[in-house]
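Asks: A predicted structure for the sequence below; I have some questions about it.
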Amino acid sequence: MEKTFLMVKPDGVQRGLIGEILSRFERKGLKLVAAKFMQITPELAERHYAEHVGKPFYPPLVEFVTSGPVFAMVWEGDNVIALSRALIGKTNAIDAAPGTIRSDYAVHTNFNVIHGSDSVSSAEREIGIFFAPSEVLEYERTLQRWI
Ligand code: RTP
Ligand code: MG
């Protein structure tokens, strides 16, 4: 089953949006298989955002993402990567479709509330950075057959 890495960023935590965001993915029918409330170190930020090293927005991005706690998660489901990106919305809140998380809660690209993996390879890489294999749970949900 496909997995993705999602993370409520420091702005989402500070604004008290963890529960609201979690419930959107739960209501969609996706399955939570790992979660961790944690602080990102500069070293972890550099690994996570390796693809953006050297870009103009990279220094403020690292400063922001290490500025306070984040809520890191792994979710599972058919097409969970694309479905999550659809629920999250475009990077810039101006372009995010109404009803998406970033449209509903974000104003600036730099403070856009949530991260979601953008491909199968990114998801595998990011899950491996944030979680030990034993922290990603396998369990049955009877609800699954209806979704
Ligand atoms: P994310 O990785 O956080 O889920 O966001 P994303 O895929 O939609 O966007 P990505 O291109 O991966 O960029 C990572 C984060 O860097 C900040 N950013 N700023 N000022 C800019 O042009 C710019 N572009 C990207 C955003 O906070 C974005 O979420
Ligand atoms: Mg990205």
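Replies: Looks like it came in fine. Residues are numbered from 1 along each chain as shown. Ligands and ions are numbered 1, 2, ... in the order given.
Asks: Ramachandran coordinates for Leu61?
Replies: Dihedral angles of Leu61 (phi, psi; degrees, to the nearest 10) stand at phi -60, psi -50.
Asks: This protein against ligand 1: which residues are in contact?
Replies: 52, 57, 61, 91, 109-110, 112, 115-116, 118 (Cβ under 6 Å from any ligand atom). C-betas here are computed from N, CA, C, even on glycine.
Asks: need the residues you listed in TSV with neighbour count and distance to Glu135, can you?
Replies: Shown next, in TSV, are these (neighbours: other Cβ atoms under 10 Å; distance: Cβ to Cβ, whole Å):
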residue	neighbour count	distance to Glu135
His52	13	26
Phe57	12	30
Leu61	18	25
Thr91	12	28
Thr109	15	31
Asn110	14	29
Asn112	23	26
His115	20	18
Gly116	25	19
Asp118	15	22
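Asks: could these go into CSV alongside distance to Asn79, pLDDT and secondary structure?
Replies: CSV is the format used below for these (distance: Cβ to Cβ, whole Å; pLDDT from 0 to 100; DSSP: H, G, I helix; E, B strand; the rest coil):
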residue, distance to Asn79, pLDDT, secondary structure
His52, 25, 94, helix
Phe57, 29, 94, coil
Leu61, 27, 96, helix
Thr91, 20, 96, coil
Thr109, 26, 95, coil
Asn110, 29, 94, coil
Asn112, 22, 96, coil
His115, 18, 98, strand
Gly116, 13, 98, strand
Asp118, 13, 97, coil
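Asks: low pLDDT regions in this protein?
Replies: 144 (pLDDT under 70).
Asks: all helices for it, in order.
Replies: In the chain, the segments counted as helices under DSSP state H are 10-14, 18-28, 42-48, 58-65, 80-88, 101-105, 120-130.
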